[in-house]
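*Asks:* predicted coordinates and the sequence they were generated for:
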Amino acid sequence: MTVKDIVSAIERVAPLRFQDDFDNSGLQVGFPDADVRKVLVCLDVTEAVVAEAVRMQCQMIVSHHPLLFHPLRQVSDATYQQRCVVKALAAGIAVYSAHTSLDNAPGGVNFEIADRIGLVDPVWLKPGEDGVSGSGLIGVLPEPEKDSDFLARLGDCFLVENMRHSECTCRPIRKVAVCGGAGAFLMRDAIRAGADCFVTGEFHYHDYFENDGMLLAELGHYQSEQYTVDLLGRILERALPGLQVVLTSIDTNPIQYDAR
C-alpha cells in the first residue's frame, strides 16, 4: 500500500476540514505514492522517534502533534524539526500528523479520554458549525464520586505523577467536561454547561481564580493525550489489516518532575 492509502484511512475518521484554523495537520514529509509496509505511531515526532522508525524499518510515522507547526525557513540542522525532516527524508520515511483534525472528530481524542474516565453519553462541549465536529466533551459518571477520590482515580488512569488541581471541598463529582491538551479555552463553556469538574492537559494560572467553584483537574499535556497513540493504532489496524502498525516505545514527554 502507499502513503496515500494510510492518509485516506486516517482522514475518513479525521478529515482535515475538522482541524482548527491555526493548525497544520496532514502530510508533513514524504510523497503520497511511496510504498508503505510498516508504520510507527507516536504522539510527538522527535529525533529519537525518527531513529526508532529507522531501526524498526518503518516507511512512515503517524503522529498526533505536528512535526511542522510553523513553516520552515530552511532545511538544515539548526532545529530539531529540521533535523527530523532531513533524517526522515534520508531514510525514505513519510510523516503524517492528525492533530486538531482528530481532537475535533467524533470518536477522536476527547472520546478516548472520556471513555477511559468512564463518562456516559458524552456530547460536544462546544459543537462545531458543521454539526458533526466539535471541541471538548461533557458527560456524566455512572455514580457520583467525591472530588478527592475522582482526582486519585484520574491520577492512576493517566499516570500523573503530580496532579495540579483546584481546591477539594468534598463535593460530589458527577458531570465532567474533558479536553485533551491545552483545553483552558473551553473553561467558560464547561462552567456554562454545569460541569462539576473540567479535566484537561493545561490550565493558566488565573483560571484557578475564575473557575466559579468548578473543580479543575490538570493532567499535563502529554498525560492527557498519551492514549492517542492507541487510538491512531486502532484506526489504522481496523482500516488496513495488511499494514504492520507499531506503537512507539519512547516517552516523548519533555517535562520532568522532581520528587521532593
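*Replies:* Perfect, I can see it now.
*Asks:* end to end on stretch 184-202, go ahead and measure it.
*Replies:* For stretch 184-202, the separation between the terminal residues is 6 Å (C-alpha to C-alpha, to the nearest Å).
*Asks:* chain center to that stretch: distance?
*Replies:* Averaging C-alpha coordinates over stretch 184-202 and over its chain gives two centres that are 17 Å apart (C-alpha atoms, centre = their mean, to the nearest Å).
*Asks:* now it: mean pLDDT?
*Replies:* In this model, stretch 184-202 has an average pLDDT of 98.
*Asks:* ok, stretch 238-250 next?
*Replies:* 98.
*Asks:* quick one: terminal-to-terminal distance for it?
*Replies:* Between where stretch 238-250 begins and where it ends, there is a gap of 24 Å, by C-alpha to C-alpha.
*Asks:* try stretch 179-199
*Replies:* Start to finish, the residues bounding stretch 179-199 are 7 Å apart (C-alpha to C-alpha).
*Asks:* mind listing what's buried along it?
*Replies:* Within stretch 179-199, the residues that qualify as buried by neighbour count (16 or more other C-beta atoms under 10 Å) are 179-181, 183-184, 186-187, 189-191, 193, 195-199. (C-beta placed from N, C-alpha, C; glycine too.)
*Asks:* sitting in strands, which of the residues you listed do you find?
*Replies:* Counting by DSSP state E, the part of those found in strands is C179, C197, F198, V199.
*Asks:* ok, those residues vs D149, which is closest?
*Replies:* When these are compared for distance to D149 (C-beta to C-beta), C197 comes out closest, at 11.7 Å.
*Asks:* so what's the closest one closest to, chain neighbours aside?
*Replies:* With C-beta to C-beta, 6 or more residues apart in numbering as the criterion, C197 has its nearest non-adjacent residue at 4.0 Å, and that residue is L215.
*Asks:* residues near the one you found, how many?
*Replies:* Using other C-beta atoms under 10 Å as the criterion, L215 is surrounded by 22 other residues.
*Asks:* give me the phi and psi for it.
*Replies:* L215 adopts backbone torsions of phi -70, psi 130, taken as degrees, to the nearest 10.
*Asks:* buried residues, the helix or strand where V95 lies. List them.
*Replies:* Assessed by DSSP states H and E, V95 sits inside strand 94-97. Judged by neighbour count (16+ other C-beta under 10 Å), strand 94-97 contains these buried residues: A94, V95, Y96, S97.
*Asks:* just the CA trace of that strand, in CSV.
*Replies:* Output in CSV follows, covering the C-alpha atoms of strand 94-97 (Å, rounded to 0.1, in the frame of the first residue of the first chain):
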residue,chain,number,x,y,z
ALA,A,94,7.0,9.8,5.4
VAL,A,95,5.4,11.8,8.3
TYR,A,96,1.7,12.4,8.8
SER,A,97,0.1,14.3,11.7
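*Asks:* and it, what does it pack against?
*Replies:* Using 3 or more C-beta pairs under 8 Å, 6 or more residues apart in numbering; DSSP states H and E as the contact test, the elements touching strand 94-97 are helix 3-13, strand 26-29, strand 60-63, helix 80-90.
*Asks:* which strands and helices lie in contact with the first one?
*Replies:* So the one you mean is helix 3-13. strand 26-29, strand 60-63, strand 94-97, helix 100-103, helix 228-239.
*Asks:* what's the distance between the residue nearest to the spatial centre of the chain and A78?
*Replies:* With the centre of the chain defined as its mean C-alpha position, the nearest residue by C-alpha atoms, centre = their mean is E225, 3.8 Å away. Using C-beta to C-beta, to the nearest Å, one gets 27 Å for the distance from E225 to A78.
*Asks:* so who does the closest residue to K87 other than its chain neighbours touch?
*Replies:* Of all residues beyond its chain neighbours, the one nearest K87 is V50 (4.8 Å), with distances taken as C-beta to C-beta, 6+ apart. Shown here is V50, whose contacts under the criterion C-beta atoms under 8 Å, 6 or more residues apart in numbering are I61, C84, K87, A88, A91, I93.
*Asks:* that concludes my questions; thank you for your assistance.
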